[in-house]
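1. Here you go, sequence then predicted model.
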Amino acid sequence: MTQPVLVVLGLSATGLYVVREAASAGALVYGFSDSMETASSSRYLANRGPETVVDMNQLEARLSELASAHSSLGVIPTTDRHAEFLVDACGRLPENIMFADTYRNGSAVVCLDKAQIAEKAEKAGISTPWSHDLESGWPPSDTLPFPLILKPKAIHQQREWLKGKKLFLCSSETELDQIRKIPQFRPGEWTLQALVDGPESNIIVTGCLRLEDGSIPVTFCGRKLRQYPPNFGSASLLVSAHDDEAVNTSHKLIETLNFCGITGIEFKRSARDNKLYLIEINPRPGLWFGATTNNGDLLIREQLRAWFGSQIEVESKKETKPVLWRYTFKDASSKLFHWKNKDRGVLPQPIIDIPRSHQRVWAVWSSRDPMPAMTEIGGYLRKAISRIVR
């Protein structure tokens with residue numbers, strides 16, 4: 001019996017989780033990224049170090065080479081850029097390469113565009129914050145609900161000049177004018193959105209797998225406690241916590257979109273009226289997916305089982321003890337920020353209510369696979385030295 005083969009696209013901490021989970025399920029795992037990243041040194045990769053670095057322009061050819069060496073293989077992207085690559089290349093890749101149908105049926109394209117998602121959600125009766133697509137021009141200043149946020153419609157296309165930011169927070173017309181003057185800022189690629197009041201710990205996330213037959217065998221639910229960058233970033237501290245409304249709304253959304261594959265969805269519950277608002281949906285695993293396995297929600301394994309059948313080991317045991325997931329260094333930075341800026345931010349301080357009894361999970365560290373943590377620390381040191389040298 002041939003060993004199942006999986007290719008993970010993108011090797012940040014998100015990709016690292018997918019690599020480890022697939023390998024522990026019995027798959028032979030390859031990983032590719034356009035630079036050396038955290039997971040590039042994982043012992044669970046069949047290719048490691050410089051062998052993982054493949055330019056986006058060469059990725060299609062590299063996948064075709066692997067497809068000719070194996071009877072079949074699956075592909076899971078873990079970044080928006082790689083999801084976009086699959087959307088573009090899916091019709092040209094060899095037939096023995098398997099990937100989620102979302103990259104073929106158009107739903108991934110909708111997920112990658114904030115304006116389209118808001119429109120689809122509204123039609124499905126799912127609440128979203130007030131938003132305005134700047135492609136249609138600027139709304140009158142006196143109608144703008146300050147404070148508001150300015151979000152890129154496709155963040156992966158703006159990362160180079162945003163330098164770690166995910167959006168801009170504008171508290172006044174003056175701040176908005178300052179952003180308009182930035183040379184790289186092109187209004188048609190951005191959306192204005194009202195700020196959902198309440199701390200970042202009001203953010204609820206779900207991870208879902210929907211198969212091509214329409215079934216949803218696995219759904220994880222959790223709550224962000226802190227983010228990096230603070231207030232408007234990716235999770236740095238998260239706890240598993242079930243929320244019926246978030247789960248039901250997630251299922252409604254992916255069914256509306258005809259989304260088939262693995263997705264991470266984010267909501268925020270308003271502190272003002274307790275209403276649940278959809279913030280975003282990603283057509284790929286999320287950074288915090290490391291919490292899902294310990295909670296008994298085996299999203300990656302179930303996707304592999306759908307592709308490779310009984311060759312993939314799936315032993316799901318739903319845990320009763322909450323899972324606390326932490327991205328150590330980034331969470332330490334966020335914690336320090338909130339300590340220094342008490343009661344001085346636009347949003348209230350996050351409420352860090354950690355259950356007394358819980359399981360701890362780390363985004364990068366693993367005693368069985370320590371090198372990615374060393375690689376990440378090395379990356380932080382290189383960045384620090386380059387800033388000092390400048």
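-> Yes, it's here. Residues are numbered from 1 along each chain as shown.
2. show me where pLDDT drops low in the stretch 151-300 of the chain?
-> The stretch 151-300 of the chain contains residues with pLDDT under 70 at 164.
3. Walk me through the domains of the chain.
-> Under the assignment automatic domain parsing, the domains of the chain span 5-108, 130-194.
4. Looking at those, spot the one closest to Ile385.
-> Shortest separation from Ile385 across those is recorded for domain 5-108, at 16.1 Å, computed as C-beta to C-beta. Yep, even glycine has a C-beta here, placed from its N, CA and C like the rest.
5. Would you mind checking the average pLDDT for that closest one?
-> The average pLDDT within domain 5-108 is 96.
6. Quick one: end-to-end distance for that domain.
-> Distance between the boundary residues of domain 5-108 (C-alpha to C-alpha, to the nearest Å) amounts to 23 Å.
7. For my notes, confirm Ser386 occurs in a helix.
-> Yes: per DSSP: H, G, I helix; E, B strand; the rest coil, Ser386 lies within a helix segment.
8. Need the contact partners of stretch 136-155.
-> Contact partners of stretch 136-155, identified using C-beta atoms under 8 Å, 6 or more residues apart in numbering, comprise 80, 84, 112-115, 130, 132-133, 158, 162, 166-173, 176, 179, 187, 189-195, 232, 346.
9. Flag every buried residue along it.
-> Leu144, Leu148, Ile149, Leu150, Lys151, Pro152, Lys153, Ala154, Ile155 (16 or more other C-beta atoms under 10 Å).
10. Sort out which of the residues you listed are in strands and list them.
-> Leu148, Ile149, Leu150, Lys151, Pro152 (DSSP state E).
11. Neighbours of Ser236, how many?
-> By other C-beta atoms under 10 Å, 27 other residues sit near Ser236.
12. To clarify, my last question referred to Thr293.
-> Close neighbours of Thr293, defined as other C-beta under 10 Å, add up to 21.
13. Tell me who's in contact with it.
-> Glu21, Ile300.
14. Is it within a helix or a strand, and which one?
-> helix 290-294 (DSSP states H and E).
15. what are the C-alpha coordinates of that helix, in CSV please?
-> Extracted as CSV, the C-alpha positions of helix 290-294 are listed here (Å, rounded to 0.1, in the frame of the first residue of the first chain):
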residue,chain,number,x,y,z
GLY,A,290,-2.9,24.0,16.6
ALA,A,291,-5.6,24.1,19.3
THR,A,292,-8.0,22.0,17.3
THR,A,293,-6.2,18.6,17.6
ASN,A,294,-6.0,18.7,21.4
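16. Just the buried positions in the helix or strand that that helix is followed by, please.
-> As assigned by DSSP H and E, the chain's next helix or strand after helix 290-294 is helix 299-308. By neighbour count with 16+ other C-beta under 10 Å, helix 299-308 contains the buried residues Leu299, Ile300, Arg301, Glu302, Gln303, Leu304, Arg305, Ala306, Trp307, Phe308.
17. Name the nearest of those relative to Ser12.
-> Ser12 lies nearest to Ile300 out of the buried residues of helix 299-308, by C-beta to C-beta, at 15.5 Å.
18. contacting residues for the nearest residue to that closest one once chain neighbours are set aside?
-> Nearest non-adjacent residue to Ile300, counting by C-beta to C-beta, 6 or more residues apart in numbering: Glu21, 4.3 Å away. Contacts for Glu21 were tallied using C-beta under 8 Å, 6+ apart; they are Thr293, Leu298, Ile300, Arg301.
19. Fine by me, thanks again.
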